[in-house]
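J.: For reference, the sequence and a predicted model appear below.
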Amino acid sequence: MDGEVTLSALGQVAILGAAQTRYEARKTHQTYNELVHEVVDQLLTETGMALKEMESIVTASQDFFDGRTISGMAINEVVGGYLHSESKVAGDGIQALLYGAARVLAGGYDLTLVVAHCKESEGQFHQITSTMFDPYAERPLGLDEHIAAALQAQRFLAVSGASESDLAAVSRKNHRHALKNPLARRSGEFSVEQILNSPVVVSPLRDLLAGPITDGACAILLGNPARARKSKRPVSWIAGMGTSTDAYWTDRELAESAALESAAQRAFAAAGIRNPLDELHVAELSARYAHEELLYLDALKFANGQRAHARLAAGDFDLGGKLPVNPSGGALAGNPTGVAGLARVAEVHLQLTGAAGAHQVPGASTGLAHGASGICGQSQTVVVLRRETSAQA
């Protein structure tokens with residue numbers, strides 16, 4: 001496995017606050033820096049910090065979706081990057097979080113601002129996502145993210161024993177959860193029949209089995225223990241992080257995720273998690289397609305000896321179930337490229353600090369946030385968060 005990283009941050013890196021925009025189909029009323037200013041201003045107001053204190057900034061954005069090179073430069077002034085240390089990650093926002101946490105752990109900065117933004121509505125989804133593929137052999141075939149995901153879904157259904165009705169059950173759960181999340185792009189009490197009769201994207205994927213085109217942003221403020229002790233608001237703590245990059249999509253078994261298994265093992269070991277199904281209280285998975293959630297649940301060993309679709313049918317992953325998965329509605333309910341993983345961290349932070357509102361999981365003190373990027377989830381990152389650690393207890 002390439003690019004494997006383990007980060008043990010037990011009691012050393014706190015999330016001081018998190019802010020998200022409302023996720024919408026089109027944010028034509030906002031430029032990129034106005035979009036980012038919204039979440040940065042909200043975050044600073046909630047944490048009582050000033051922009052001039054942000055001497056370390058890590059942003060996540062995609063040049064192709066922004067329609068410019070060095071897309072981080074468009075938001076530099078609103079994140080406090082002028083004459084400060086600002087770095088951009090051209091990947092998922094959860095990878096920017098890992099980078100930001102490493103900066104705090106290294107002792108170079110006591111605060112790091114992490115921001116991710118994307119306006120998918122302003123680009124051509126097919127043309128942009130086709131650039132992920134080999135330019136000589138694959139791109140001329142017309143491949144894009146939806147087509148690759150559909151091929152993975154077909155393979156997963158053939159291998160796992162799950163059915164299209166099981167995929168619809170994932171969608172039904174997440175859209176029902178999203179009804180309780182005012183920031184969600186899409187929500188509803190859909191029946192399995194409505195989901196399976198929604199317009200075809202690429203067979204077997206249908207409109208309600210794939211996340212919609214979405215605009216939005218997310219910001220998180222990381223701090224060291226000294227900063228955490230000064231916080232007037234509840235904080236959560238990073239207990240462990242793991243990231244791993246798999247082989248190219250044509251060189252691996254698409255019905256599995258060895259990268260996620262590796263990333264999770266590393267994060268769990270760093271956080272001291274031995275039985276995730278029993279020790280975690282909430283999980284937010286960055287699954288933009290319904291089949292991905294089942295695939296990722298299997299890779300994370302959340303089914304505990306069963307297949308994920310069986311646990312799903314039993315209600316174990318519902319709000320009120322044994323381990324609520326995506327109580328916010330998740331990426332399937334609408335998060336843009338590059339923002340989804342950081343949004344998962346923000347949502348788990350809200351859960352652990354008792355600020356998740358109508359989709360709060362009662363008593364949640366340990367949670368998992370997950371991010372994925374690349375063709376069919378080539379890169380995988382797992383973050384374990386705690387309301388408190390042994391270092392603070």
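T.: Everything's here; your move.
J.: Please make it C-alpha for all contacts and neighbour counts, starting now.
T.: OK.
J.: can you give me the end-to-end distance of stretch 103-113?
T.: 11 Å (CA to CA, to the nearest Å).
J.: Would you mind measuring from the residue lying closest to E284 once chain neighbours are set aside to R266?
T.: Ranked by CA to CA, 6 or more residues apart in numbering and with sequence neighbours excluded, the top spatial neighbour of E284 is N326, at 4.6 Å. Separation of N326 from R266 (CA to CA) stands at 22 Å.
J.: which one of the two has more residues nearby?
T.: The residue with more neighbours, out of N326 and R266, is N326; 30 against 26, by other CA atoms under 10 Å.
J.: what pLDDT does the more buried one get?
T.: Listed pLDDT for N326 reads 98.
J.: wait, doesn't it sit right on N174?
T.: Yes: assessed by CA atoms under 8 Å, N326 is found in contact with N174 at 6.5 Å.
J.: thinking again about what came up before, contacting residues around the residue nearest to E284?
T.: Under the criterion of CA atoms under 8 Å, 6 or more residues apart in numbering, the neighbours of N326 are 174, 177, 282-285.
J.: Out of those, list just those in helices.
T.: 174, 177 (DSSP state H).
J.: For G334, state which of the contacts of N326 is nearest.
T.: Closest approach to G334 among the contacts of N326 (CA to CA): N174, at 10.4 Å.
J.: Can you tell me the closest non-neighbouring residue to the closest one?
T.: G329 is the one closest to N174 (CA to CA, 6+ apart), at 4.4 Å.
J.: same thing with S379?
T.: T245 (4.3 Å).
J.: which residues pair with the one you found across the strands?
T.: When bridges are called by DSSP bridges, T245 pairs up with D2, S379.
J.: Give me the neighbour count for it.
T.: T245, neighbours per other CA under 10 Å, totals 24.
J.: pLDDT score for it?
T.: Reported pLDDT at T245 in the predicted model: 97.
J.: what do you get for N304?
T.: 78.
J.: That one reaches L277, doesn't it?
T.: Yes: using CA under 8 Å, N304 is in contact with L277, at 6.9 Å.
J.: okay, the two: which has more neighbours?
T.: Per other CA under 10 Å, whichever of N304 and L277 has more neighbours is L277, with 18 against 15.
J.: Quick check, the more buried one in contact with G305.
T.: No: L277 lies out of contact with G305 (CA under 8 Å); the separation is 10.7 Å.
J.: TSV please, covering the contacts of N326 and showing pLDDT and distance to Q154.
T.: Formatted as TSV, those follow (pLDDT from 0 to 100; distance: CA to CA, whole Å):
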residue	pLDDT	distance to Q154
N174	98	21
H177	98	26
V282	98	28
A283	98	25
E284	98	24
L285	98	21
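J.: Contacts only, for T366.
T.: 279-282, 352, 384-387 are the contacts of T366 under CA under 8 Å, 6+ apart.
J.: And the buried ones among those residues, selectable in PyMOL?
T.: In PyMOL syntax, the buried subset of the contacts of T366 is picked out as below (16 or more other CA atoms under 10 Å):
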select buried, resi 280+281+282+352+384+385+386+387
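J.: Keep only those of the contacts of T366 that are in helices.
T.: 279, 352.
J.: which residues touch the residue nearest to T337 when sequence neighbours are not counted?
T.: Excluding the flanking residues, the one nearest T337 by CA to CA, 6+ apart is C118, at 6.5 Å. C118 sits next to 32, 61-62, 65-66, 215-217, 336-339 when contact means CA under 8 Å, 6+ apart.
J.: Out of the residues you listed, which sit inside strands?
T.: 215-217 (DSSP state E).
J.: Throw those residues into JSON lines and include pLDDT, neighbour count and distance to L300, thanks.
T.: Below are the ones in strands among the contacts of C118 laid out as JSON lines (pLDDT from 0 to 100; neighbours: other CA atoms under 10 Å; distance: CA to CA, whole Å):
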{"residue": "D215", "pLDDT": "98", "neighbour count": "26", "distance to L300": "29"}
{"residue": "G216", "pLDDT": "98", "neighbour count": "30", "distance to L300": "28"}
{"residue": "A217", "pLDDT": "98", "neighbour count": "31", "distance to L300": "27"}
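J.: Roughly how far does the most centrally placed residue in the chain sit from A369?
T.: In the chain, the residue lying closest to the centroid (CA atoms, centre = their mean) is G341, at 1.9 Å. To A369, G341 is 7 Å away according to CA to CA.
J.: just K27 next, same as before
T.: Taking CA to CA, one finds K27 at 26 Å from A369.
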